[in-house]
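Participant: Would you be able to build a 3D model of this:
(one chain, ligands or ions: 1)
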Amino acid sequence: MKEYPDMESVIAAEKDVEAVFSKKPLSIEEGDGVYVYDGEGEEYLDFGASYGVMAVGHSNPSVVEAIREQAGKYTYAQASYATKARASLLERLKQHTPEALERVFLTNAGTEANETAFKLARASTPEGKTKVVAAENGFHGRTFGSISATYKKKYRQPFEPTVPEFEFTGFDDPESLKETVDDDTAMVILEPVQGEGGVQPASQEYVETARDVCSDHDSYLVFDEIQAGLGRTGRLWSHQHYDVTPDALTTAKALGGGMPVSALVCREAMTEIPKGSHGGTYCGNPVAAAAADAAVEHIVEEDLAANAAEKGERLIEGLREIDSDRVVEVRGRGLMVGVQVRGRAGRYLSGMAQEGVLALPAGSNVIRMLPPLTLEDEHVDEAVEAVEAVV
Ligand SMILES: *Cc1c(COP(=O)(O)O)cnc(C)c1O
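Facilitator: Sure thing, here's the model as predicted:
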């Protein structure tokens, strides 16, 4: 690796060469549990957890050990050769998802899991259904299929034309779903709790309606659990709050404990596609699979969903007690929490970083918190104080 004398030189090097991302004024060089450390050794409480990816905490010992062990054996062989780490992850995902979902396809990023859903939905409907229905303000990733199902213009417009026959309906609007879903609809994709869209939990009626209209028209109902799944909302899967079973779900972010891995978990019927028509070189990479297997085991064994429910309640209560007219609304489920503020969220986030707490925006005016699910009361209180200080 090249030598960098200080944090500024690392940031400058990335700014000079990297193609797309803007850079924050910090480099991150270490992480431990709920904390990260910048290039100068400064400590930050990580309430963004890099979009909720670090749900099991930074440098989680069981994840680190799983990566070391698998990397020491071998790092990659094509997925048509079975291997223990992948077998274990496949079985574990099947075990901890609804019984009707029997098949798992591993991919590398959230958007790829959704692409798989779009492709399998179209290819497996015997009637050749093509329409995909998504929700306003939903976010499903940045490849072409996923941006076609992603509502905000900023993610779509520069890249148009998008994929044909994707349609939007009002989020949390059962009537608009009933009107739009028809016999030509291959699938409906929804986030039971919208993340990018501003941390918005769907209503019971809406999710039930989605199930009913999909069943009525023989369309697949797919829940995008990429951000809200794996314990984040206080249940292992956010759709469990609704007691509604989808035909498929997608998961990523928290899944790999920091390694790039995602999955589509679906009904057998969805896998009935022409042989050899779908695949991917890195699907089921054994190092990523080993990390994911350890991360999911940790989330389940330590019941991090229960901790998310308990700490999330404390967080939401603490935030609601802040006496400031700059706080418009506090909402969320478990440790997926949004604070809608007056003015742009970015300004508040910079202030919070100066207080030693990192968080995320959702849209322009929501502070989004997706901390590691391993956190304790004192961390919750520290984050509430940081928000109080900036509003
Ligand atoms: C992050 C996210 C995605 C996209 O995942 P990537 O790994 O960035 O491709 C899709 N859906 C939801 C709900 C997300 O939060």
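
Participant: In this protein, where is pLDDT below threshold?
Facilitator: Within the chain, no stretch has pLDDT under 70.

Participant: Backbone dihedrals for whatever residue of the stretch 51-200 of the chain ends up closest to the ligand, both of them.
Facilitator: Closest contact between the stretch 51-200 of the chain and the ligand, by C-beta to the nearest ligand atom, is at Gly110 (2.2 Å). Yep, even glycine has a C-beta here, placed from its N, CA and C like the rest. Main-chain dihedrals, Gly110, degrees, to the nearest 10: phi -60, psi -50.

Participant: Tell me if I'm right that it and Gly256 touch.
Facilitator: No - shown here, Gly110 and Gly256 do not form a contact pair, counting by C-beta atoms under 8 Å, at 10.7 Å.

Participant: Which one of the two is surrounded by more residues?
Facilitator: Neighbour count, other C-beta atoms under 10 Å: between Gly110 and Gly256, Gly256 has more, with 30 against 27.

Participant: so who does the more buried one touch?
Facilitator: Listed by C-beta atoms under 8 Å, 6 or more residues apart in numbering, the contact set of Gly256 reads Val53, Ser262, Ala288, Ala291, Ala292, Ala295.

Participant: Distance of it relative to Asp224?
Facilitator: 17 Å (C-beta to C-beta, to the nearest Å).

Participant: what's the answer for Phe159, then?
Facilitator: For Phe159 relative to Asp224 (C-beta to C-beta), the value is 20 Å.

Participant: ok, the two, which is more surrounded?
Facilitator: In terms of neighbours (other C-beta under 10 Å), Asp224 is the more surrounded of Phe159 and Asp224; the figures are 32 against 12.

Participant: sorry, back to before: shared neighbours of Gly110 and Gly256, which are they?
Facilitator: Counting by C-beta under 8 Å, 6+ apart, the residues touching both Gly110 and Gly256 are Ser262.

Participant: before we move on, back to that, ranking by neighbours, what's the top pick from the contacts of Gly256?
Facilitator: That'd be Ala292 among those, by other C-beta under 10 Å, with 34 neighbours.

Participant: Give the full set of residues in contact with the closest residue to the ligand within the stretch 151-300 of the chain.
Facilitator: At 3.3 Å from the ligand, Gln227 is the closest residue in the stretch 151-300 of the chain, using C-beta to the nearest ligand atom. By C-beta under 8 Å, 6+ apart, Gln227 lies in contact with Tyr51, Gly52, Glu191, Val193, Gly195, Glu196, Lys253, Met336, Leu370.
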